[in-house]
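Visitor: Sequence and predicted structure are below.
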Amino acid sequence: MRIYLVGGAVRDKWLGRPVVDRDHVVVGARPDDLLALGYKPVGKDFPVFLHPQTSEEYALARTERKTGRGYHGFAFHADQDVTLEQDLARRDLTINAIAEDEHGNLVDPYGGVRDLERRLLRHVSPAFVEDPVRLLRVARFAARFAPLGFTVADETAALLQRMVLEGEVDHLVPERVWAETRKALTEAQPSAFLRVLRESGALAVLFPEVDALYGVPQRAEYHPEIDTGVHLEMTLDAAARLAPGDDLVGFCAFTHDLGKALTPADELPRHHGHEQRGLAPLRALAARLKVPNEHAELAELVCREHLNAHRALELKPATVLKLLLSLDALRRPERLQTFLAACTADKRGRLGHEQSEYPQADWLQAARSAAAAITSAPFVAQGLQGPAVGAAMEKARIQAIAEMKPCNT
């Protein structure tokens, strides 16, 4: 029995990145061998075990054979006769198909180290096309490693296009699409995720509402980058810088401008009312991918209200309070923080505005604090009851916001 460290742990160790998960492959063993050593079985489809002390994953070396469409269309074979090279051959990318033995020696039959040096995301074998999830994983890895200069190898890009043309991507289940997208939104450069999907043709299949933004012009005085799709890419990257690892902010940024794809042609490059037009495609996308309610709700608020955030310094105090209440910000200040991060990303997701100040964020945070400081206690003490208390609190909150600075009336 031989045990090897495999996958992301070996890759990230070579790149000098933090190693988060340590996975191992066991060659020359049967399930009973690991059970006798105290390993705990967890695998349903194939033998995977947890180490009795470290709880790290140990999987028996295995091969796989395509039996049908989609992610579950595989038969697995795990036995003592499966070699390390055979196990590594079933992996997606060469940089994930490197193993390390107990002495620190690398086993690299498919050129993963060379591709790490060349900064290439390259598939291990033609069997790559059999699993549609791999297309999303390549796009996600592109988002993670783009800051290090990684790109998709030409031959792999051709395979991604083939997977789309042959309809393999059509069999992706919504849960997997969302899971990979959610992870991509936490990466350092999510724009690379979009570009890989778009270049392969998968964006139009999986996210037609987003794909439709490309080529749609915007007013140059507000959006020097012109193209709405380019603006979305820049906004996603700005969100990743503002809120690293926050997929909620990322999703709000991802869907904030969907309405611009629905602007009548004779109104372009203006997009009057796009914040309302964007609600229907956003809801369709969220329902199709079974997006969590919190993500869908906050994304709708950002879509509908981001222009009000941009105009916050000019809004009437009553409108500011209405905005805060729509976010439930008085009770849940973290929602305002997420909302403002997405709006700031929208502001900075424009050519030449990547470092722009966004004073509206501090202003709205201060307005929220002023409004939240108004409680019911003094009005109840005055003898007010029922709806009268709420009306008095609303009036006082508007006044508190008005006193923060001169407002338009």
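Guide: Done, it's in. Keep in mind the model is a prediction, meaning the values are calculated, not measured.

Visitor: what about G38, how many neighbours?
Guide: When counting by other C-beta atoms under 10 Å, one arrives at 11 neighbours for G38. Every residue, glycine included, has its C-beta placed from N, CA and C.

Visitor: and it, how far is that from F49?
Guide: Using C-beta to C-beta, to the nearest Å, we find G38 at a distance of 9 Å from F49.

Visitor: got a pLDDT number for the residue positioned nearest the centre of the chain?
Guide: Central residue check for the chain by C-alpha atoms, centre = their mean: the C-alpha nearest the mean position is that of L185, 1.9 Å away. As predicted, L185 sits at a pLDDT of 98.

Visitor: just N408 next, same as before
Guide: Spelled out, the predicted local distance difference test score at N408 is 44.

Visitor: from now on call the first residue 45
Guide: I'll keep to 45 as the first residue from here, and by that count the last item is N452.

Visitor: So what pairs up with A122 in the strands?
Guide: Following DSSP bridges, A122 is listed with bridge partners R106.

Visitor: Surely it touches E108?
Guide: No - counting by C-beta atoms under 8 Å, E108 is not a contact partner of A122; they are 9.6 Å apart.

Visitor: which residues sit in contact with the residue nearest to the centre of the chain?
Guide: Shown in contact with L229 (C-beta atoms under 8 Å, 6 or more residues apart in numbering): F237, L280, A284, D291, G294, F295, F298.

Visitor: Mind doing that once more with 7 Å?
Guide: By C-beta atoms under 7 Å, 6 or more residues apart in numbering, the residues touching L229 are D291, G294, F295, F298.

Visitor: how would you label the closest residue to it other than its chain neighbours: helix, strand or coil?
Guide: The shortest distance from L229 to any residue other than its chain neighbours is 3.1 Å, reached at G294 (C-beta to C-beta, 6 or more residues apart in numbering). Local secondary structure at G294 is given as helix here, using DSSP: H, G, I helix; E, B strand; the rest coil.

Visitor: what about G294, distance to H215?
Guide: As defined by C-beta to C-beta, G294 lies at a distance of 26 Å from H215.

Visitor: Of these two, give the one with the bigger neighbour count.
Guide: Between G294 and H215, G294 has the larger neighbour count (other C-beta under 10 Å), namely 27 against 13.

Visitor: what's near enough to touch that one?
Guide: If you count contacts by C-beta under 7 Å, 6+ apart, G294 has them with L229, T230, P234, L280, A283, A284.

Visitor: can you check R327 too?
Guide: So, once contact is read as C-beta under 7 Å, 6+ apart, R327 ends up touching nothing.

Visitor: so where does it fall, helix or strand?
Guide: helix 323-333 (DSSP states H and E).

Visitor: Over to A435?
Guide: Taking DSSP H and E as the criterion, A435 maps to helix 431-446.

Visitor: what stretches of the stretch 45-194 of the chain score poorly on pLDDT?
Guide: Flagging of the stretch 45-194 of the chain using pLDDT under 70 yields the residue ranges 87, 89-90, 109-120.

Visitor: can you give me the strands in it?
Guide: Using DSSP state E, counting those that start in this stretch, the strands of the stretch 45-194 of the chain run over 46-50, 67-71, 84-85, 92-94, 101-104, 106-110, 118-122, 143-144, 150-151, 164-165.
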